[in-house]
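[1] Would you be able to build a 3D model of this:
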Amino acid sequence: MRVFDEKVETLAYAEDKRILEVALKNGQVWQLAEVPAGIYAELRNSTISSFLKFMATRYQTSPVKTGIYAIAVPKEERCPVCESAMKEQNRTAGALNKFIRVFWLCPQCKKSKWESYGSIPSRQRRERWH
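    Numbers count the residues shown, from 1 in each chain. Predicted coordinates for the structure are as follows:
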């Protein structure tokens with residue numbers, strides 16, 4: 001189920017197994033075990049990120065996706081020059097698998113750029129145009 005929250009993308013609940021799965025907008029996916037159905041119903045009708053902090057301290061949690069596998073990289077980027085869909089040409093993982101750098105190329109106007117995704121400090125986040 002898609003939700004409106006600044007940090008959470010979707011929620012899923014398996015009632016028979018009492019497992020709540022939470023997909024965050026940063027690409028991470030977590031599962032919480034032994035979550036009662038009533039808690040899931042309450043979660044759907046509340047401020048999700050604050051409620052999840054409370055739940056993470058009460059229920060067993062385990063990561064489903066971590067490291068570079070948790071980083072959401074779009075399938076394409078829009079070229080800021082001609083608005084065409086840029087295509088991924090190269091990808092590298094950053095230090096400690098905390099970010100991914102992607103080299104994008106526009107097939108229309110041949111402009112290119114490097115873009116970083118993940119946990120990279122904003123002062124280090126730079127775009128390079130050719």
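
[2] got the contact list for Lys75?
    Glu88 (CB atoms under 8 Å, 6 or more residues apart in numbering). The C-beta positions use only the backbone N, C-alpha and C, and glycine is treated the same way.

[3] What spatial separation is found between it and Val102?
    Lys75 is 11 Å from Val102, where distance means CB to CB, to the nearest Å.

[4] overlap in contacts of the two?
    In contact with both Lys75 and Val102: Glu88, using CB under 8 Å, 6+ apart.

[5] Give me the helices and strands touching the lengthiest helix in the chain, please.
    In the chain, with assignment by DSSP state H, the single longest helix is helix 48-58. Helix 48-58 is packed against strand 8-14, helix 37-44, with contacts defined by 3 or more CB pairs under 8 Å, 6 or more residues apart in numbering; DSSP states H and E.

[6] So which of the ones you listed is the most surrounded?
    Compared across those, strand 8-14 shows the largest average neighbour count, a mean of 16 (mean count of other CB atoms under 10 Å).

[7] coming back round to it: ok, and what's touching the longest helix of the chain?
    For helix 48-58, contacts defined as CB under 8 Å, 6+ apart pick out 3, 5-8, 11, 20, 22, 32, 35, 39, 42-43.

[8] Of all pairs in these, which one is the farthest apart?
    Glu6 and Val35 (21.9 Å; CB to CB).

[9] So between the two, which is more surrounded?
    Ranked by neighbour count (other CB atoms under 10 Å), Glu6 and Val35 place Val35 first, with 22 against 8.

[10] And that one, how far from Leu20?
    4 Å.

[11] if I look at Arg18, how far off is Gly38?
    Arg18 is 11 Å from Gly38, by CB to CB.

[12] swap in Leu32?
    Distance, Leu32 to Gly38, using CB to CB: 14 Å.

[13] again with Tyr59
    Distance from Tyr59 to Gly38, by CB to CB: 13 Å.

[14] Many thanks, have a good one.
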